[in-house]
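> pasting the sequence and the predicted coordinates here, then a few questions.
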Amino acid sequence: QLLIHGGTSNKYYWSALGPVGEGYHGEKHSWVDFARARGYHTVAIDRLGAGNSSHPNSDFVRLPLEADMTSTIIQQLRRKFDNVVLVGHSVASLMINYLLVQEPDIADSVLLTGYVHAFAVTNISAQVFVPANSFSRFASLDAGYLTIISAENMRESFFGNEGSFDPVVPVINFEREDVQ
């Protein structure tokens, strides 16, 4: 399984918001642990501009480039694995959908999460996202990289109704957030 995270996250999204074995309640929240327990190999990557990947000028971080990079990674995985399952969350699901239009047979299976086929027109970007360089840990990035304003905005915008999720997760998610 090639695991590709969504916006303002990184590869640790898939392992309970921390390195494998160190995430928050991995037995409950880690897709990597869940898949491994069932015999699946997983490769979680950082999307271009996030986590440990390079951080080029944000003007270059676009869907077609990410799709091309993902295609190259899949070609490398096929050297070792007979089946490749693409798993994407949020904006990665959009990118995978784009990739599938370009290369319909690129993957054996696909799982898209945090993705809808039609979007409601909202002003969510202005309410939730700010230039990442307004936070000291992202000060070196250009203003085109975005991140979430606060843990409260993250919870209100991206989590379900109170009681439908572990209330600690949005806080940890915000503390470990990355850029989009």
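Here it is on my side, so go on. Values in this document were obtained by computation on a predicted structure and should not be read as measured data.
> in the helix or strand encompassing residue 112, what counts as buried?
Secondary structure from DSSP states H and E places residue 112 in strand 109-113. Buried residues in strand 109-113, defined by neighbour count with 16 or more other C-beta atoms under 10 Å: 110-112. From N, CA and C alone the C-beta is placed, and that goes for glycine too.
> same thing with stretch 130-147?
130-133, 138, 141, 144-147.
> what segments of this protein are helices?
Ranges of helices within the chain are 26-29, 31-37, 63-77, 91-102, 124-128, 151-158, 168-175, based on DSSP state H.
> which residues sit in contact with residue 31?
3, 14-15, 42, 87 (C-beta atoms under 8 Å, 6 or more residues apart in numbering).
> find the nearest non-adjacent residue to residue 7, please.
Sequence neighbours aside, residue 180 is the residue nearest to residue 7 in space, at 3.5 Å (criterion: C-beta to C-beta, 6 or more residues apart in numbering).
> neighbours of that neighbour, how many?
Residue 180 has 22 neighbours, counted by other C-beta atoms under 10 Å.
> mind checking how far it is from residue 80?
30 Å (C-beta to C-beta, to the nearest Å).
> residue 88 too?
Taken as C-beta to C-beta, the span from residue 88 to residue 80 is 21 Å.
> compare the two (neighbour count), which wins?
Neighbours were counted for residue 88 and for residue 80 using other C-beta under 10 Å; residue 88 has more, 25 against 9.
> test my guess that that one contacts residue 100.
No: at 10.4 Å, residue 88 does not count as touching residue 100 under the criterion of C-beta atoms under 8 Å.
> in this protein, where is pLDDT below threshold?
By pLDDT under 70, the low-scoring segments of the chain are 116-126.
> if we use 80, what do you get?
By pLDDT under 80, the weakly predicted segments of the chain are 115-127, 160.
> mind exporting the C-alpha coordinates of stretch 170-177 to CSV?
Extracted in CSV, the C-alpha atoms of stretch 170-177 (Å, rounded to 0.1, in the frame of the first residue of the first chain):
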residue,chain,number,x,y,z
PRO,A,170,-7.4,17.2,16.8
VAL,A,171,-5.1,18.8,19.4
ILE,A,172,-2.3,16.4,18.6
ASN,A,173,-3.0,16.8,14.9
PHE,A,174,-2.6,20.6,15.2
GLU,A,175,0.5,20.3,17.3
ARG,A,176,2.1,18.1,14.6
GLU,A,177,0.5,19.7,11.6
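> okay then, goodbye and thanks.
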